[in-house]
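Participant: Generate a structure from the sequence data that follows.
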Amino acid sequence: MANNSPELGPISLQFKRHLPFGDNLGKKDRKGNPINLTLYEGRILTPNRPEFFEFSRKAEVRPDDIFVCGYAKTGCHWIWEMLSMIRKGKGQFSEMGKAEAFLEFSGPELYNALPSPRILNTHNEFDWLPEKVSTYKNKIILTMRNPKDVAVSLYNHHINLTEMYNYHGEFHDWFELFLEGYVDNGDFFDYHLRWENTIKENPDHPILIVKYEDAREDLPATVRKLAGFIDTPLTEDQVQDIVKSISFESVKKRFESLPTSKLIRKGVVGDWKNWLTEEQSTELDRRNERLKGTHFETRFEPRATQ
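Facilitator: Modelled structure (predicted):
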């Protein structure tokens, strides 16, 4: 599917796509700045083109496949690399990052060629995973991050990846799009409530939730938890080797030469305090009440007093 057509930008070429990113929604922010997004079967998604979502839903699944799922900017890339290292038993980065294993970004000939056991990545929800995932009970790692930091990270994602989103608006104008669900995978809170229903309705399906904040606070514990979940024993020396290599600073340095290097920005917890107004913060507090009592409940540290 790959070619060197001039219409394909560096990110398209990195993911070995045969088509550039596009827009079929025609959404603009309140100042009239357009943003590329895909509308597919009633859902608002990353501007990947509908055919890529069709590919992802029909992907051939193997019994030992592991799936990394999650809303955009919740740590999917970081956790994917972590799992890749755990499988190898050492702190060695993958050759291409998760590009080949990203179901709705790369083509079937790429992820079908990966050797087993594969670690596949997708932002799709459970009902859009290939049918065999339910049959085989493939293990799912579901990433989660607090919505305030997600909003800040996703905005920077949109303005830094011009090839994909072609967005040039200011944060306060973009924030309205986030509240309205006109961003990748739609409304943040609806997305996680649907995953909450998935967990309740499929109690026998192995799903591990990994919270970004927990991983930043105690990375060795997260590595051990993931290794246990995917049945890959590690020695303490292996754990420490992986921790050293998978630190956010190491990941940022590893990918700084790639077209998608801006995907990895700060990685800190609480950067929202530098971006959100009191009104914006309060609005997300109010909406976050919808997640109270679920697996995705978040408590925020207050702003520092002056």
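Participant: where do the strands sit along this structure?
Facilitator: For the chain, the strands defined by DSSP state E cover 27-28, 34-35, 38-40, 43-45, 66-70, 119-122, 139-144, 207-211.
Participant: Report all helices and strands that the last one contacts.
Facilitator: Other elements packing on strand 207-211 under the criterion 3 or more Cβ pairs under 8 Å, 6 or more residues apart in numbering; DSSP states H and E are strand 139-144, helix 219-229. (Each C-beta comes from the backbone N, C-alpha and C, glycine too.)
Participant: again with the fifth one
Facilitator: Under the contact criterion of 3+ Cβ pairs under 8 Å, 6+ apart, the helices and strands touching strand 66-70 comprise helix 76-88, strand 119-122, strand 139-144.
Participant: Format the ones you listed as a markdown table; extra columns: mean neighbour count and mean pLDDT.
Facilitator: Formatted as a markdown table, those follow (neighbours: other Cβ atoms under 10 Å; pLDDT from 0 to 100):
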| stretch | mean neighbour count | mean pLDDT |
| --- | --- | --- |
| helix 76-88 | 22 | 94 |
| strand 119-122 | 25 | 96 |
| strand 139-144 | 24 | 98 |
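Participant: I'd guessed R145 sits against Y212; true?
Facilitator: Yes: applying Cβ atoms under 8 Å as the test, R145 and Y212 come out as touching, 3.8 Å apart.
Participant: Give me the common contacts of those two.
Facilitator: 74-75 (Cβ atoms under 8 Å, 6 or more residues apart in numbering).
Participant: Output the below-cut-off pLDDT ranges for this protein.
Facilitator: 1-6, 96-97, 251-252, 254-267, 301-306 (pLDDT under 70).
Participant: again, only using 50
Facilitator: 1-6, 261, 305-306 (pLDDT under 50).
Participant: where's E217 relative to G293, distance?
Facilitator: Distance, E217 to G293, by Cβ to Cβ, to the nearest Å: 23 Å.
Participant: To clarify, my last question referred to T135.
Facilitator: 31 Å.
Participant: likewise D237?
Facilitator: Taking Cβ to Cβ, one finds D237 at 40 Å from G293.
Participant: likewise L193?
Facilitator: Going from L193 to G293 by Cβ to Cβ gives 11 Å.
Participant: more crowded one of those two?
Facilitator: Taking other Cβ atoms under 10 Å, L193 and G293 do not tie; L193 has more neighbours (15 against 9).
Participant: coming back round to it: among the strands of the chain, which comes closest to E163?
Facilitator: strand 34-35 (13.2 Å; Cβ to Cβ).
Participant: Please list the outside residues in contact with that closest one.
Facilitator: 23, 26-29, 158, 165-167, 169, 174, 177, 182.
Participant: Please apply the same query to stretch 144-151.
Facilitator: 70-75, 153, 175, 178, 188-189, 192, 209-213, 269-272, 275-276, 281, 284, 287-288, 295-296, 298, 300.
Participant: let's see it at 6 Å
Facilitator: 73-75, 178, 188, 209, 211-212, 271-272, 284, 296, 298 (Cβ atoms under 6 Å, 6 or more residues apart in numbering).
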